[in-house]
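> what's the 3D shape of this:
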Amino acid sequence: DIGAGSSHFSANAADAGLTVTPVNDAPTLRGTTLTLSEEGLAQGRPESGETTATQAGGRLQFSDVDSSALSFTLSAPTALLSSGGVALSWSGDGSAARPLVGSAAGQAVISATIDAEGRYSVTLHAPLDHPVRGQEDALTLSLGVQVSDGQSSSSASIDVTVRDDSPVPLCVVRCADLSP
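Purely as a prediction, here's the structure:
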């Protein structure tokens with residue numbers, strides 16, 4: 001017993017109750033950015049000093065304090081994209097067995113994969129239609145990334161900037177004899 005001015009303490013363990021409820025912390029995930037260029041495609045026209053990369057990859061930064069068994073999936077951008085005037089249709093989840101692929105007219109335009117260690121790869125296979133025709137510009141699309149520990153998940157994005165190849169100039173040379 002504890003009393004005022006007492007230095008004597010006694011307790012019965014059967015009287016104390018403690019309930020511990022484990023809590024699963026969600027994994028954390030940090031997105032990233034990368035740049036690809038249509039200039040590196042088969043019909044591209046590389047310019048001095050410009051990137052010609054049609055493929056880029058890396059490893060996302062992530063952590064989970066209470067789980068080491070994580071899974072990653074990719075999802076298609078929400079923006080409407082097209083190639084050659086044909087809207088992209090998306091399939092897959094980004095796994096090695098089911099890569100995330102954006103296709104137009106049955107041809108892959110862009111593809112992406114991610115593994116269980118957060119290593120990703122994005123490849124540009126064909127040009128995208130950019131907002132401003134006839135002008136070299138850049139288009140950014142966001143691939144969704146989700147990491148799950150089986151109980152909780154977190155989301156981020158891989159923001160892919162696609163640099164437009166410069167338009168092909170149309171030159172017509174015409175000769176005329178203007179003599180009398």
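
> hey, let's count contacts and neighbours off CA atoms from now on
Fine.

> now do the same end-to-end measure for stretch 61-77.
Start and end residues of stretch 61-77 are separated by 21 Å (CA to CA, to the nearest Å).

> in that stretch, what's buried?
Across stretch 61-77, burial judged by 16 or more other CA atoms under 10 Å covers 64, 70-77.

> hmm, who's touching that stretch?
When contacts are defined by CA atoms under 8 Å, 6 or more residues apart in numbering, stretch 61-77 is touched by residues 24-31, 90, 93-95, 100, 102, 112-118, 141-150.

> now do that stretch: distance to the chain's middle.
Distance of stretch 61-77 from the chain centroid (CA atoms, centre = their mean, to the nearest Å) equals 13 Å.

> cool, stretch 92-109 as well?
Offset of stretch 92-109 from its chain centre (CA atoms, centre = their mean): 13 Å.

> and that stretch, end to end?
End-to-end for stretch 92-109, by CA to CA: 14 Å.

> cool, and stretch 52-60?
Stretch 52-60 has its terminal residues 23 Å apart, counting by CA to CA.

> which residues are in contact with the helix or strand containing L139?
Element membership for L139 (DSSP states H and E) is strand 138-148. Strand 138-148 is contacted from outside by 26-27, 29, 31, 70-79, 130-131, 153-164, using CA under 8 Å, 6+ apart.

> now swap in stretch 94-113 and tell me
72-76, 82-84, 86-93, 114-115, 120-128.

> one more: stretch 22-37?
Under the contact criterion CA under 8 Å, 6+ apart, stretch 22-37 has outside partners 51-56, 60-66, 123-124, 145, 147-149, 151-165.

> mind listing what's buried in that stretch?
In stretch 22-37, counting by 16+ other CA under 10 Å, buried: 26-29, 31, 35-37.

> of those residues, which belong to helices?
Among the buried residues of stretch 22-37, DSSP state H puts none in helices.

> these into TSV, with extra columns for distance to G44?
Rendered in TSV, the data for these read as follows (distance: CA to CA, whole Å):
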residue	distance to G44
A26	43
P27	41
T28	39
L29	35
G31	29
T35	16
L36	12
S37	9
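
> so which of those belong to strands?
Among the buried residues of stretch 22-37, the residues falling in strands (DSSP state E) are 28-29, 35-37.

> what number of residues lie near D164?
23 (other CA atoms under 10 Å).

> for it, what are its contacts?
Counting by CA under 8 Å, 6+ apart, D164 touches 37-39, 127, 130, 136-139.

> now the buried members of the contacts of stretch 94-113.
Among those, the ones that count as buried by 16+ other CA under 10 Å are 72-76, 82-83, 87-90, 92-93, 114-115, 120-128.

> just checking: what are the partner strands of the strand holding L139?
Counting by DSSP bridges, the strands paired with strand 138-148 are strand 71-75 (antiparallel), strand 153-163 (antiparallel).
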